[in-house]
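**Q** would you be able to build a 3D model of this:
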Amino acid sequence: MRLQKKSTVVLTLSLLIAVMLWSQMGMYLAHLLFGVNVKVNFFRFCISLFKENTLYYFLVITFLNSLIAYAILISMIKITQQFFLSRRFKARLMSIRNISLTASVFQDFHPQNQNIIVIDHERAMAFTAGFRRPLIVISSGLMNMLDHMELRAVIEHESFHQQKFDALKIFVLQIISQSLWFVPVTKWSYSSYKLLSELLADQYAVQKTGSELGLGSALLKLIKKGFSDNPTPVLVHFNDGVVNYRLQQLVDPDQVMPVRLGLITIVISVHVLLLFMGMVLLAIT
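**A** Next up, the predicted model:
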């Protein structure tokens, strides 16, 4: 429950910052492109602090326009890329789907959501893909590696991601962190939510299976396999020390996970946001 509250706070914080800044960018663009008279706008107020036809005015307007253009372009590029890549990736998955193994998963594990497939692939892989209707994908290589208890734990882990639409949330946080790079807390929110989502999925798997043994054993097998082979998609969440926290949670579930903002991140983000709010308040008066 504690981790769930942290993940909600992390997600909400990033979304609030994004809505606040993106709305201001939208109002600024409405004024710039269509002549809409917007009184409360941070970017417009920044420009109004400088006299027109001066070097400082030119530098400020160039910086703000570049900042907004970058935010819009990076968001559009990422969304467009993801749209086409997702369609191609899903088509590829369906082309290597193993119908008999998929049926055996339904028969043996009775997943709550029927949106799950098994693909023919020698590497051990398990992941959840898709935004609107998340799809759990299990490879035949993973099924050959794990026993019944371990495989159930992995499926329950991915079921949590599926139910919570974690793939969509993480993608949104990634766009926010890249488009609003000047607010460091957005990057922290992105990395922290990825970690928290993995820990929460592990907790869910343990709760559903009734023991840490299945998940712990599966993780150890996958780690061992990852060191002997090239990294595979199932090991994506093992990067940046995530696997250490996951194993630590299995050993000591009551230990507090260090998901905290760094001092430098806090200082820079607070100053940026205070400047932002201060400019808005000055614009009102």
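**Q** which parts of the stretch 101-250 of the chain are helices?
**A** 140-145, 148-164, 166-179, 184-209, 213-228, 242-251 (DSSP state H, counting those that start in this stretch).
**Q** what helices or strands is the last one leaning on?
**A** Packed against helix 242-251, as judged by 3 or more CB pairs under 8 Å, 6 or more residues apart in numbering; DSSP states H and E, are the following elements: helix 184-209, helix 213-228. (C-beta placed from N, C-alpha, C; glycine too.)
**Q** how far off helix 213-228 does it point, in degrees?
**A** On the basis of axes from the mean of the first three to the mean of the last three CA atoms, to 10 degrees, helix 242-251 is oriented at 150 degrees to helix 213-228.
**Q** what sits up against helix 242-251?
**A** 194-195, 198-199, 202-203, 206, 212, 215-216, 219, 223, 237, 255, 257 (CB atoms under 8 Å, 6 or more residues apart in numbering).
**Q** identify the farthest-apart pair in those residues.
**A** 194 and 212 (21.5 Å; CB to CB).
**Q** so which of the helices of the stretch 101-250 of the chain gets nearest residue 75?
**A** Proximity to residue 75, assessed across these by CB to CB, is greatest for helix 166-179 (5.0 Å).
**Q** how about low-confidence regions in the protein?
**A** Low-confidence segments of the chain, defined by pLDDT under 70: 1, 38-53, 56-57, 60, 226-241, 256-258, 273-285.
**Q** find the nearest non-adjacent residue to the residue nearest to the spatial centre of it, please.
**A** Of all residues in the chain, the one closest to the mean position by CA atoms, centre = their mean is residue 170, 1.5 Å from it. Counting by CB to CB, 6 or more residues apart in numbering, residue 170 lies nearest to residue 194, which is 5.9 Å off, once chain neighbours are set aside.
**Q** counting neighbours, what do you get for the one you found?
**A** 20 (other CB atoms under 10 Å).
**Q** that older thread, out of the contacts of helix 242-251, which are buried?
**A** Those of these that meet the buried threshold are 194-195, 198-199, 202-203, 206, 212, 215-216, 219, 237, 257, by 16 or more other CB atoms under 10 Å.
**Q** any chance of the residues you listed in JSON lines with distance to residue 5 as columns?
**A** Shown next, in JSON lines, are the buried ones among the contacts of helix 242-251 (distance: CB to CB, whole Å):
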{"residue": "194", "distance to residue 5": "17"}
{"residue": "195", "distance to residue 5": "15"}
{"residue": "198", "distance to residue 5": "16"}
{"residue": "199", "distance to residue 5": "13"}
{"residue": "202", "distance to residue 5": "17"}
{"residue": "203", "distance to residue 5": "13"}
{"residue": "206", "distance to residue 5": "19"}
{"residue": "212", "distance to residue 5": "22"}
{"residue": "215", "distance to residue 5": "22"}
{"residue": "216", "distance to residue 5": "25"}
{"residue": "219", "distance to residue 5": "25"}
{"residue": "237", "distance to residue 5": "21"}
{"residue": "257", "distance to residue 5": "12"}
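**Q** for the residues you listed, which one is nearest residue 95?
**A** residue 237 (25.6 Å).
**Q** just so I know, which of the helices of the stretch 101-250 of the chain lies nearest residue 59?
**A** Of all the helices of the stretch 101-250 of the chain, helix 166-179 sits nearest to residue 59, with 21.9 Å by CB to CB.
**Q** check which helices and strands the longest helix belonging to the chain sits against.
**A** Longest helix in the chain, counting residues (DSSP state H): helix 55-95. The contact analysis (3+ CB pairs under 8 Å, 6+ apart) places helix 55-95 against helix 2-34, helix 42-48, strand 116-119, strand 126-129, strand 135-139, helix 166-179.
**Q** now with 7 Å, please.
**A** When contacts are defined as 3 or more CB pairs under 7 Å, 6 or more residues apart in numbering; DSSP states H and E, helix 55-95 sits against helix 2-34, helix 42-48, helix 166-179.
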